[in-house]
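1. I'll drop the sequence and a predicted model, then ask my questions.
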Amino acid sequence: MQAAATTAPDWPEQLYALLRQNGVTQFAYVPDAGHRVLIDKSLADPEVHSIPLTTEEEGVALVAGADLGGARGVLLMQSSGVGNCINFLSLVKGGRFPFLTLISMRGDFGEGNPWQFPMGQAVEPVLEAMGVICLRVERPEEVVPTVSAALTMVFKSGQAVAVLLTQKLIGAKAF
Amino acid sequence: MDKTEAAARRAAAVAAPGYVLDRREAVPKLIGRHEDFLFVGGLAGSARDLAQLTGDGPSAYLLGGVMGAACSMGLGLALARPDKRVLVLTGDGELLMNLGALATIAVMNPPNLAIVCVDNGHYGETGWQQSHTARGVDLERIAAGAGIKATRTIADASELEEGSRFIRQGNGTCFVLLRVAPTEPPAYKRNLDPASCRERFRAALLGNS
């Protein structure tokens, strides 16, 4: 991340508030710089479960289990984690589980690490092949409206939706 | 079962001398009153054990694919419903596919979660090939090493009654390795539609919300 400390964006704070207002109580993640604020806020919030995963696929099954119990979860991951989730998305698609994931993108706009491109560029076709709708966000003012739309699609209409926080939005990591 | 499969199963039994319990008796005896739990069942044998036990009832969500998902799904359910006891019944093959889930569960340590791994040392569904546990991998030690404090291995019928109490303790997540002979699970024809099983589970637990 290249964001200067003096101009930290305020959308991550608003995003956390939006998820909480919509009843999300399970925050599952593999640690990632792009989701740092959401992860830290979930750790500090005594009313939610902040769940560190060893691999992203655990999170797909976890939020489906939360749904069985009537709770709402979100999976926070980096684009590389999408590849770890593919077969478990069979559960979401076949079981028609509501599924919300926020993905911080790599291998995208301005990426300086060539290792990130194969999975980064495959995120959308792979998710779409497994029935997950992808919504891209490129500007700070689009974050809250896009995630708000996704929450409706997921928890009112029972869909699987990935919000892609692109490198235009979060900046490319310097190498 | 054809002759090749029967021969493979006989060979499996010979190769696994420490595995003597019959799962069709040991699993119901260990679980006891099934109404005490919400269940997540791993695919194949453990799903059939639970289908037989619950009459394919709405208190059990039984996987038919997504191998390796059962423990994590049980964690999400246990965190969502601290008022209910959740039991994950999985197999050695299924658990081996996602050992990291044990680390995540140990970190969260929900007191209402029990994980029971029915370890027959084999991949029964695919032709009785040996699994890693028959070749020395000890899943109870892995669970303990991951940080789950209450763990035990049950390999003898005399230990089942105490095991039944153990999985009802509320001090933290518990893990039981149930060592069984490589014999057939119950032949139960269960509902394999994952969406209708989700709906019936939620309707029974939550009402029509």
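-> All right, it came through fine.
2. Now do the same for the one residue sitting closest to the centre of chain B: its pLDDT.
-> Residue closest to the average C-alpha location in chain B (C-alpha atoms, centre = their mean): B:Leu89, at 1.9 Å. On the pLDDT scale, B:Leu89 is placed at 98.
3. Over to A:Ala172?
-> pLDDT, the model's per-residue confidence, is 76 for A:Ala172.
4. How is it assigned, secondary-structure-wise?
-> Here A:Ala172 is coil, with the state taken from DSSP: H, G, I helix; E, B strand; the rest coil.
5. Around chain B, pick out the residues from chain A.
-> Within reach of chain B by C-beta under 8 Å from any C-beta of the partner chain, chain A has these residues: A:25-26, A:49, A:51-55, A:57-71, A:73, A:87-88, A:90-91, A:94-97. The C-beta positions use only the backbone N, C-alpha and C, and glycine is treated the same way.
6. For ChimeraX, write the selection for the buried entries among those residues.
-> The buried residues among the residues of chain A next to chain B can be selected in ChimeraX (16 or more other C-beta atoms under 10 Å in any protein chain shown) with this line:
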select /A:25,26,49,51,52,53,54,55,57,58,59,60,61,62,63,64,65,66,67,68,69,71,73,87,88,90,91,94,95,96,97
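7. Mark which of the residues of chain A next to chain B are part of helices, please.
-> Counting by DSSP state H, the residues of chain A next to chain B place A:57-68, A:90-91, A:94-95 in helices.
8. Go through the least confident helix or strand in chain A by mean pLDDT and flag the buried ones.
-> Every helix and strand of chain A was ranked by mean pLDDT, DSSP states H and E. The lowest is helix A:167-170, at a mean of 94. For helix A:167-170, a neighbour-count test (16+ other C-beta under 10 Å) marks A:Gln167, A:Leu169, A:Ile170 as buried.
9. Would you list the phi and psi of B:Leu95?
-> Dihedral pair for B:Leu95: phi -70, psi -40, per degrees, to the nearest 10.
10. same deal with B:Val116?
-> When quoted as degrees, to the nearest 10, the phi and psi of B:Val116 stand at phi -120, psi 120.
11. What is the neighbour count of it?
-> B:Val116 sits with 23 neighbouring residues when counted by other C-beta atoms under 10 Å in any protein chain shown.
12. ok so, going back, ok, and for whatever helix or strand the residue nearest to the centre of chain B lives in, which residues are buried?
-> If you go by DSSP states H and E, B:Leu89 is part of strand B:85-91. Neighbour-count burial for strand B:85-91, counted by 16+ other C-beta under 10 Å, picks out B:Arg85, B:Val86, B:Leu87, B:Val88, B:Leu89, B:Thr90, B:Gly91.
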